[in-house]
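# Fold the following, please.
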Amino acid sequence: MARRRAVGVVAVVLLLGGYGVADAADVLPGVLTTSPAPAAPMPYPDIQLPGDLVAPVVAGPDADAPAPTTAALRALAEDLAADHRMAGSFSMVVADVLTGETLLDRDGGTARLPASSLKVLTAAAALDALGPERTLKTVVVPDGAGRVVLVGGGDVLLAEGEGDPATVEGRAGLADLAAQTADALADQGVSAVEVGLDDTLFTGPQYAADVSGIDLTFVMPVQPVAVLAGRAGSGFVADPALEAAQAFAAALTSRGVEVTGVRRTPAPADAEPLASVSSAPVGEVVRQMLKVSDNSLAEVLARLVAVERGAPADFAGATASVLAQLGGLGVDVSGVHLTDASGLSAQNRVPPSVIVEVLLTAMDPETTSLHGLVPALPVGGLDGTLAGRLTDDGAGRVRAKTGTLIQAISLSGTVVTQDGRLLAFAVLADGIPAGAALQGRLATDAWAEQLAACGCS
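From the prediction side, this is the model:
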């Protein structure tokens, strides 16, 4: 409507006096104007700042703080159950991090649809199996037939251009890989090559069995190499690995190498790399995955766990490997059923007690490989998927993985209560009628705010 009004004004002005009048009226660009001369600018204010600026101190967990009573926590849970916004059924577990004691168990052993809270399990398995310092290499090897082969190693956050050491997305760049390759080819006197793509690190279907339709706008086809997780506008490219190979070929061309074609072909097993680039450490990739709830990264990390364990790098092998890795940490996963590793599948089932057990394990002083998990969770009112949520009593006190599907919601993480006690919790709700998930999420957020504000001792 505003654009139509503007067009109408232009038409009237042109009829009254042509372009010169329109120019003078500041409707069309030009040197004329009827506007008064602008006033002289006011002097810039001279603001005196105090000499010693210090950041506010936010109280952390207090080992001497009183733990909430089970009766108080049960009352909060009943308030959530009575909230008219909370449709469907929910299960909840709250535990004391200091002692490991379960303070509240409301059907905590009931396996429910976890949505993206499942990523807590995937993150723990990836950190433990791969190690937080591991980097993922993308290499180029010769195959002895006038071809160089781009070999995907699990880095799906490649930059199309040069890598940026200050970022997680785009830490390694295809332009850097091409520059190294071009230099190596020049040393060999080679000026023309075919580009091959080896993306055989992963096998099987590229989507979970029941992930289709609108779900495909939330995850890329699972492949071991991609530019910025294969994103394209509001969705994903159809073949992220091939797109990456074509971007690499274009970068080679810009370096003066003639590229005669691009096609999939396996790399020789014993070939020495001509070039390589490395991703951000796995710990940083896991943090990125948890903060923004990146489904593609979750699926890729789970497949890398399968590769590490020598299992097939498909959906079945990846989910089985995640559970096996957690079992090796002492987590009882007997009640868990997984179809994917991101939480998109509606066939996943996880008891909230398992998620809390993983969180407690991650905060165990002896489980050093997992110590980056809880700090990587979104913080209420600050960042990630909680940037605009839990902005009252939960702000800065709640760290949690969110989860939202059409029929399920979840919230799983930690909270420092008003008394200073550190708790771990998981709330999973499913069986939610279509269209009611947002209201249920608001009710769950209100419960988390109450828990953060709770004296409860």
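# thought Ala400 was touching Leu386?
Yes: contact status for Ala400 versus Leu386: in contact at 6.5 Å, counting by C-beta atoms under 8 Å. C-beta: built from backbone N, CA, C; applies to glycine.
# can you list residues touching both of these two?
378, 380 (C-beta atoms under 8 Å, 6 or more residues apart in numbering).
# Among these two, which residue is more densely surrounded?
Ala400 (33 against 26; other C-beta atoms under 10 Å).
# Identify the bridge partners of the more buried one.
Under DSSP bridges, the beta-bridge partners of Ala400 are Gly413.
# Work out the gap between stretch 263-281 and the centre of the chain.
Here stretch 263-281 is found 26 Å from its chain centre; the criterion is C-alpha atoms, centre = their mean, to the nearest Å.
# same question but for stretch 406-413, I mixed them up
In terms of C-alpha atoms, centre = their mean, the gap separating the centre of stretch 406-413 from the centre of its chain is 16 Å.
# Tell me the buried residues in it?
407-413 (16 or more other C-beta atoms under 10 Å).
# quick one: contacts of it?
For stretch 406-413, the surrounding residues in contact (C-beta under 8 Å, 6+ apart) are 88, 112-117, 120, 346, 352, 355-356, 359, 374, 377, 398-404, 424-434, 437, 440-441, 444-445, 448.
# Just send the buried residues of stretch 406-413 back as TSV, with secondary structure too.
Below are the buried residues of stretch 406-413 laid out as TSV (DSSP: H, G, I helix; E, B strand; the rest coil):
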residue	secondary structure
Gln407	coil
Ala408	strand
Ile409	strand
Ser410	strand
Leu411	strand
Ser412	strand
Gly413	strand
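# Nearest to Arg171 among these?
Gly413 (26.4 Å; C-beta to C-beta).
# What's the separation between that closest one and Gly154?
27 Å (C-beta to C-beta, to the nearest Å).
# and what of Pro66?
Taking C-beta to C-beta as the measure, Pro66 falls 46 Å from Gly154.
# what does Ala126 give?
Per C-beta to C-beta, Ala126 is found 10 Å from Gly154.
# Name the residues that touch the helix or strand where Ala125 lies?
Under the criterion of DSSP states H and E, Ala125 resides in helix 119-130. Residues from elsewhere that reach helix 119-130 (C-beta under 8 Å, 6+ apart): 282-283, 286, 289-290, 293, 298, 301-302, 304-305, 308-309, 321-323, 325-326, 328-329, 336, 341-343, 350, 354-355, 358-359, 361-362, 367, 369-370, 372-373, 376-377, 401, 412.
# same question, stretch 214-223
In contact with stretch 214-223 (C-beta under 8 Å, 6+ apart) are residues 152, 156, 199, 202, 206-207, 211, 226, 229-231, 234-241, 295-296, 299-300, 303, 342, 344.
# so of those residues, which ones are in strands?
231, 235-236 (DSSP state E).
# so Val195 touches Ala250, yeah?
No: with contact defined as C-beta under 8 Å, Val195 does not reach Ala250; the gap is 9.7 Å.
# and the helix or strand where Glu78 lies, average pLDDT?
Under the criterion of DSSP H and E, Glu78 resides in helix 70-82. In this model, helix 70-82 has an average pLDDT of 97.
# re the thing from before, which among the contacts of stretch 214-223 count as buried?
152, 156, 199, 202, 206-207, 211, 226, 229-231, 236-237, 239-241, 295-296, 299-300, 303, 342, 344.
# In helices, which of these fall?
Per DSSP state H, helices hold the following members of the buried ones among the contacts of stretch 214-223: 240-241, 295-296, 299-300, 303.
# Which stretches in the stretch 301-450 of the chain count as strands?
Ranges of strands within the stretch 301-450 of the chain are 398-404, 408-416, 422-430, based on DSSP state E, counting those that start in this stretch.
# Which strands or helices does the shortest one pack on?
Right, the one you point to is strand 398-404. strand 408-416, helix 437-453 (3 or more C-beta pairs under 8 Å, 6 or more residues apart in numbering; DSSP states H and E).
# Pick the most deeply packed of those.
strand 408-416 (a mean of 27; mean count of other C-beta atoms under 10 Å).
# That strand to strand 422-430, inter-axis angle?
Here the directions of strand 408-416 and strand 422-430 differ by 170 degrees (axes from the mean of the first three to the mean of the last three C-alpha atoms, to 10 degrees).
# mind starting the numbering at 36 from now?
Got it, the first residue is 36 from now on, which makes the last one we talked about strand 443-451.
# Would you mind measuring the gap between the ends of stretch 245-255?
Terminal residues of stretch 245-255 are spaced 15 Å apart (C-alpha to C-alpha, to the nearest Å).
# How far does that stretch sit from its chain's centre?
With C-alpha atoms, centre = their mean, you get 16 Å for stretch 245-255.
# Next, the buried residues of it.
Neighbour-count burial for stretch 245-255 [16+ other C-beta under 10 Å]: 246, 250, 253-255.
# Stretch 228-243 now?
Buried, per 16+ other C-beta under 10 Å, within stretch 228-243: 228-234, 236-237, 241-243.
# For that stretch, C-alpha coordinates in PDB please.
The C-alpha trace of stretch 228-243 is given here as PDB (Å, rounded to 0.1, in the frame of the first residue of the first chain):
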ATOM      1  CA  VAL A 228      42.700 -32.000 -14.500                       C
ATOM      2  CA  GLU A 229      39.300 -33.500 -13.900                       C
ATOM      3  CA  VAL A 230      37.800 -33.000 -10.500                       C
ATOM      4  CA  GLY A 231      36.500 -36.100  -8.700                       C
ATOM      5  CA  LEU A 232      34.300 -36.300  -5.600                       C
ATOM      6  CA  ASP A 233      34.600 -39.000  -3.000                       C
ATOM      7  CA  ASP A 234      31.700 -38.700  -0.600                       C
ATOM      8  CA  THR A 235      31.700 -42.400   0.300                       C
ATOM      9  CA  LEU A 236      32.500 -41.800   4.000                       C
ATOM     10  CA  PHE A 237      28.800 -41.900   4.700                       C
ATOM     11  CA  THR A 238      26.400 -44.600   3.300                       C
ATOM     12  CA  GLY A 239      22.700 -45.300   3.200                       C
ATOM     13  CA  PRO A 240      19.700 -43.000   2.800                       C
ATOM     14  CA  GLN A 241      20.300 -39.200   3.100                       C
ATOM     15  CA  TYR A 242      17.100 -38.700   5.100                       C
ATOM     16  CA  ALA A 243      15.600 -40.600   8.000                       C
END
